[in-house]
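J.: One predicted model, sequence on top.
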Amino acid sequence: MGPTLKNSGLVSVGLIAGMAISMQFSALAQRPVAADMPIEELRQLADVYGLIKSDYVESVEDKQLLTNAMTGMVAALDPHSAYLDQKAFRELREGTEGKFVGLGIEIGASEEGYIRIVSPIEDSPAYRAGIKAGDLITRIDSVPVQGLAIDDAIKRMRGEPNTKVTLTVVRKEAPAPLAFTITRQEIIQKSVKAKIVEPGYAWLRISQFQEPTLDDMAARIKALYQQDPKLKGIVLDLRNDPGGLLQGAIGVSAAFLPPKAEIVSTNGQLPDSRQRFYGEPEDYALEANRDSLAGLPAALKTVPLAVLVNTGSASASEIVAGALQDYKRAAIIGSQTFGKGSVQTIRQLTADTAVKLTTARYYTPKGRSIQARGIMPDFLVDENADGDGLNGLRMRESDLEKHLSNEGEQAAAAATNDELEEQLRVMAAERNRKPLEYGSSEDFQLQQALNHLKGLPMQLSKGSKKATLAQGALPAKP
């Protein structure tokens, strides 16, 4: 594998979409200026710069103007290219390491327009302060949450270590709003959860692909097999997984596929962007001479497998779902995924700034482009028994302005998918549903995946053209 894409293969993390990125550091400032630079347009840029400096109503700092120019120039290319200033570059690196400075809460939007606490991370500042699952954040310090984008709310809750933030929350059993002043600390996220949900059947959830993910997954799998050495089936849950490290996606796929199977390929203008990645340590290991997957139970290669995905499954999680689907190793269950199939390379400008630039598209082992299309499940299953709930309201890659097209996409097929998506969104909007807890006894899609593994009938999506009830197929085998 080429040295640049191998160095990290990062997938940036967002609430709506993940971004497949390959870390590639280079000193762009030292590159010679191209001989064919458009001199006239550069003169116009200098003229605009001068006009702002001389005529704008207020004084603007040179650094701000130049940063804004770089930000706009890169952001205009596509939804995932970006100029990363010091703060953005630091946050990107923190996300891949599974560490950040904040309060330690998993959050989501509520139907009332507030921020809902899905769960406080165990032993985090929020957990110790008394924040509970189900609490609604109404204010962050003195700023009302209603009308605030969830990304903005996250930025306000994060900050420097040992600084404080006050959350005002509404709790059902409390007669009045509660105020919690919490000190920010470094939080170490756990991206893997697992448990035996029924005798013989396990649930393995990956919420994000980070540096510790493969080690955490291997430890969880070994613990599952110690608890039940004769597992009859595993449900791999990738719902709302926005992406992460490319190596994590390759390693998770490799754990279930035959040795040295091709997992994903990339294609772009540069030679380094045209590569194939296989289920080998050299393609998924973050440290030389250390294989996180060594010692996994041999039964993992053949245990019946179902994979849960939804509209929030993006990038690295789509790589996993696509690879397992192409090899017919697993049944993919849920809704059409986000469709983030482009590779972003990090070009470092200075010690703490960089440009994140789209450099390639990635493809499943059978050569399918995921870009703006996503992975279509083998079985369409709604989030709830009576419809797709909040999942049906989420945006997909194809909804984003200036998104890259899918070269192999056919207009007729795209129109059909758009029509189905719109039907699902209308159905979801008609119901006022609350976010569900994945892996719980009320997790409808998990129950349908278990039914499939057992060969029992599944209730398919009401938007599916297939029969509402489908007899579970025999478990997929490699």
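T.: That came through fine. Numbers count the residues shown, from 1 in each chain.

J.: measure Thr359 to Glu211 for me?
T.: 22 Å (CB to CB, to the nearest Å). C-beta: built from backbone N, CA, C; applies to glycine.

J.: Repeat that for Leu308.
T.: Per CB to CB, Leu308 is found 24 Å from Glu211.

J.: Between the two, which has more neighbouring residues?
T.: Between Leu308 and Glu211, counting by other CB atoms under 10 Å, Leu308 is the more crowded of the two (27 against 20).

J.: ranges for the strands of the stretch 251-400 of the chain?
T.: 262-268, 275-278, 305-309, 331-334, 342-348, 354-363, 379-380 (DSSP state E, counting those that start in this stretch).

J.: quick one: strands adjacent to the shortest one?
T.: Taking DSSP bridges as the criterion, strand 379-380 sits next to strand 331-334 (parallel) in its sheet.

J.: Let me see the mean pLDDT of the strand it pairs with.
T.: Here strand 331-334 scores 98 as its mean pLDDT.

J.: contacting residues around that strand?
T.: 239, 305-310, 313, 321, 324-325, 375-381, 445, 448-449, 452, 458, 473, 475-476 (CB atoms under 8 Å, 6 or more residues apart in numbering).

J.: List only buried entries from those residues.
T.: Buried residues within the contacts of strand 331-334, counting neighbours by 16 or more other CB atoms under 10 Å: 239, 305-310, 313, 321, 324-325, 375-381, 445, 448-449, 452, 458, 475-476.

J.: low pLDDT regions in the stretch 101-250 of the chain?
T.: Flagging of the stretch 101-250 of the chain using pLDDT under 70 yields the residue ranges 111.

J.: And the strands in it?
T.: According to DSSP E, counting those that start in this stretch, the stretch 101-250 of the chain carries its strands in the segments 105-109, 115-120, 136-140, 143-144, 164-170, 178-183, 185-188, 192-198, 201-206, 233-237.

J.: Give me the distance between Pro229 and Pro457.
T.: Distance from Pro229 to Pro457, counting by CB to CB: 29 Å.

J.: Give the residue from those two that has the larger number of neighbours.
T.: Pro457 (15 against 9).

J.: okay but that one is in contact with Asn451, surely?
T.: Yes. With contact defined as CB atoms under 8 Å, Pro457 reaches Asn451; the gap is 6.5 Å.

J.: how about low-confidence regions in the stretch 251-400 of the chain?
T.: Judged by pLDDT under 70, the stretches of the stretch 251-400 of the chain that qualify are 389-396, 398-399.

J.: how about 50 then?
T.: Filtered on pLDDT under 50, the stretch 251-400 of the chain yields no residues whatsoever.

J.: can you pull out the helices in it?
T.: Along the stretch 251-400 of the chain, the stretches classed as helices by DSSP state H, counting those that start in this stretch are 281-284, 316-326.

J.: Deepest-packed of those helices, please.
T.: helix 316-326 (a mean of 29; mean count of other CB atoms under 10 Å).

J.: Any idea which of the helices of the stretch 251-400 of the chain gets closest to Leu349?
T.: helix 316-326 (25.2 Å; CB to CB).

J.: Centre of the chain to that closest one, how far?
T.: 13 Å (CA atoms, centre = their mean, to the nearest Å).

J.: Report the angle between that helix and strand 305-309.
T.: With axes from the mean of the first three to the mean of the last three CA atoms, to 10 degrees applied, the angle from helix 316-326 to strand 305-309 works out at 140 degrees.

J.: Can you give me the domain boundaries for this structure?
T.: 99-188, 192-471 (automatic domain parsing).

J.: Pull up the gap between Val375 and Ala288, please.
T.: No Val there; residue 375 is Ile. As judged by CB to CB, Ile375 and Ala288 stand 32 Å apart.

J.: I meant Leu92, not that one.
T.: Counting by CB to CB - Leu92 and Ala288 are separated by 24 Å.

J.: Same question for Phe379.
T.: Taking CB to CB as the measure, Phe379 and Ala288 are separated by 40 Å.

J.: swap in Ile115?
T.: According to CB to CB, Ile115 and Ala288 sit 42 Å apart.

J.: Which one of those two is surrounded by more residues?
T.: Using other CB under 10 Å as the criterion, Ile115 and Ala288 rank with Ile115 on top: 26 against 7.

J.: show me the contacts for that one.
T.: Counting by CB under 8 Å, 6+ apart, Ile115 has contacts Ile107, Gly108, Ala109, Leu136, Ile137, Val145, Ile150, Ala153.

J.: Just the buried ones among the residues you listed, please.
T.: By neighbour count, with 16+ other CB under 10 Å, those hold Ile107, Ala109, Leu136, Ile137, Val145, Ala153 as buried.

J.: partners of the third one in the sheet?
T.: This means Leu136. Note on Leu136: beta-bridge partners by DSSP bridges are Arg116, Val170.

J.: now swap in the first one and tell me
T.: The bridge-partner assignment for Ile107, based on DSSP bridges, gives Ile117.

J.: residues contacting it?
T.: Applying CB under 8 Å, 6+ apart to Ile107 gives the contacts Ile115, Arg116, Ile117, Val118, Ile137, Ile150, Ala153, Ile154.

J.: which among these gets closest to Lys301?
T.: Val118 (33.4 Å).

J.: How about the contacts made by the closest one?
T.: So Val118 contacts Ile105, Glu106, Ile107, Gly108, Ala133, Pro435, Glu437 (CB under 8 Å, 6+ apart).

J.: got a markdown table for those, with distance to Asp85 too?
T.: What follows is the contacts of Val118, written out as a markdown table (distance: CB to CB, whole Å):
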| residue | distance to Asp85 |
| --- | --- |
| Ile105 | 26 |
| Glu106 | 27 |
| Ile107 | 24 |
| Gly108 | 27 |
| Ala133 | 34 |
| Pro435 | 32 |
| Glu437 | 36 |
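
J.: Which of those residues ranks first by neighbour count?
T.: So for the contacts of Val118 (other CB under 10 Å), the most neighbours sit at Ile105, 24 neighbours.

J.: Settle this for me: that one is touching Ile131, isn't it.
T.: Yes. Taking contacts as CB under 8 Å, Ile105 lies within contact range of Ile131: 6.3 Å.

J.: Now the common contact residues for these two.
T.: The contact lists of Ile105 and Ile131 share Ile117, Pro120, where a contact means CB under 8 Å, 6+ apart.

J.: center of the chain, which residue is that?
T.: For the chain, the residue nearest the mean C-alpha position is Pro242 (0.7 Å; CA atoms, centre = their mean).

J.: wait, which of the helices of the stretch 251-400 of the chain is closest to Thr96?
T.: Going by CB to CB, the one of the helices of the stretch 251-400 of the chain nearest Thr96 is helix 316-326, 11.0 Å.

J.: Next, the angle strand 201-206 makes with the closest one.
T.: 140 degrees.
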